[in-house]
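In: The amino acid sequence is not available; the structure is as follows:
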């Protein structure tokens, strides 16, 4: 994906924390790109209503791996910003929340370095990423103002969100009130928060494959292996993950919109924008 290649597969040290690492230069060459596909973000009749989208971000940076090292993570910028870009162009505003109320953490090493449009869009929302709402307060205040919930990917979504009662409450509200939920890559790990609820039982989704996660330490993307498999746990709750690899696939099952990886960022944004606009027109 990148325009430069290196054979260095050694994870790079994050000096902010002991035994903590960023991805290797080689893996960044495989999994990141200096520019993004933003095609199709032209919406002739954007939304003019008052409902917004609630983005639930990752608020923890360090993910413990099986060998005791930490992976320096957060939300993946492409998986966050490309869907938001489409929805913003389609006329939808965002509120940003985290479970703790602490700032959204990003895998800034994956920011498209030569993409001024994406970097400018990040700057537009940076004040909200820096000072998000606390999700419990949002849930307590009611969610009627939201047309959708967006949970972006990045390994940061594995930390805290799957166990959060507030994430559970938001997802249950969305299902009960026929609102959209949008997620991709590792973001669907947050769906584990609903536990044994029937609200998504039998739903088909795209997500990052456990089998591929298991191979990423081989190229130094992560400094160790994950300690648990989110896809396996989703399948135990009767989700059906329909992709085996990553190709940029997206899928809609009723009001649940998902994508397989950062490759799906643009397509998921377009799918979500078109679905929300059609729903608004029908309403």
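Out: That came in fine, so what should we check first? Note that the coordinates shown come from a computational prediction; the quantities given were computed from them, not determined experimentally. Numbering: from 1, shown residues only.
In: Quick check, residue 34 in contact with residue 116.
Out: No. If you go by C-beta atoms under 8 Å, residue 34 and residue 116 don't touch, sitting 11.1 Å apart. For every residue, glycine as well, the C-beta is placed using N, CA and C.
In: Now do the helices in the chain.
Out: 25-31, 77-89, 116-130, 135-141, 165-176, 210-213, 230-236, 265-282 (DSSP state H).
In: Residue 242: which of these is closest?
Out: helix 230-236 (11.4 Å; C-beta to C-beta).
In: Report the mean confidence score over the closest one.
Out: In this model, helix 230-236 has a mean pLDDT of 98.
In: Going forward, count from 689.
Out: That works, and once the first residue is 689, the last one we named lands at helix 918-924.
In: other SSEs contacting it?
Out: In terms of contacts (3 or more C-beta pairs under 8 Å, 6 or more residues apart in numbering; DSSP states H and E), helix 918-924 is packed against helix 898-901, strand 928-929.
In: Check which residues of it are buried.
Out: Within helix 918-924, the residues that count as buried by 16 or more other C-beta atoms under 10 Å are 918, 919, 922.
In: Also stretch 861-880?
Out: Neighbour-count burial for stretch 861-880 [16+ other C-beta under 10 Å]: 861-863, 867-880.
In: repeat for stretch 825-839
Out: Buried-residue list, stretch 825-839, by 16+ other C-beta under 10 Å: 826, 827, 831, 834, 835, 836, 837, 838, 839.
In: Just put the residues you listed in TSV and tack on distance to residue 901 and pLDDT.
Out: Output for the buried residues of stretch 825-839, formatted as TSV (distance: C-beta to C-beta, whole Å; pLDDT from 0 to 100):
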residue	distance to residue 901	pLDDT
826	30	98
827	30	98
831	31	98
834	30	98
835	31	98
836	27	98
837	24	98
838	22	99
839	18	99
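In: Cross-reference these with the strands and report the matches.
Out: 834, 835, 836, 837, 838, 839 (DSSP state E).
In: of all these, which comes closest to residue 753?
Out: residue 839 (22.3 Å).
In: re the thing from before, output the helices of the chain as JSON lines; include the columns distance to residue 945.
Out: Compiled in JSON lines, the helices of the chain are given as follows (distance: least, C-beta to C-beta, whole Å):
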{"stretch": "helix 713-719", "distance to residue 945": "23"}
{"stretch": "helix 765-777", "distance to residue 945": "9"}
{"stretch": "helix 804-818", "distance to residue 945": "20"}
{"stretch": "helix 823-829", "distance to residue 945": "20"}
{"stretch": "helix 853-864", "distance to residue 945": "11"}
{"stretch": "helix 898-901", "distance to residue 945": "21"}
{"stretch": "helix 918-924", "distance to residue 945": "16"}
{"stretch": "helix 953-970", "distance to residue 945": "5"}
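In: Comparing these, which stretch has the densest surroundings?
Out: helix 765-777 (a mean of 27; mean count of other C-beta atoms under 10 Å).
In: packing partners for that one?
Out: Against helix 765-777 (3+ C-beta pairs under 8 Å, 6+ apart) you get strand 740-744, strand 782-786, helix 804-818, strand 834-839, strand 868-872, helix 953-970.
In: could you redo the last one with a cut-off of 6 Å?
Out: helix 804-818, helix 953-970 (3 or more C-beta pairs under 6 Å, 6 or more residues apart in numbering; DSSP states H and E).
In: Not including adjacent chain positions, what is the nearest residue to the one residue sitting closest to the centre of the chain?
Out: Central residue of the chain (C-alpha atoms, centre = their mean): residue 840, 1.6 Å from the mean position. Counting by C-beta to C-beta, 6 or more residues apart in numbering, residue 840 lies nearest to residue 768, which is 3.9 Å off, once chain neighbours are set aside.
In: For residue 932, give me phi and psi.
Out: phi -100, psi -30 (degrees, to the nearest 10).
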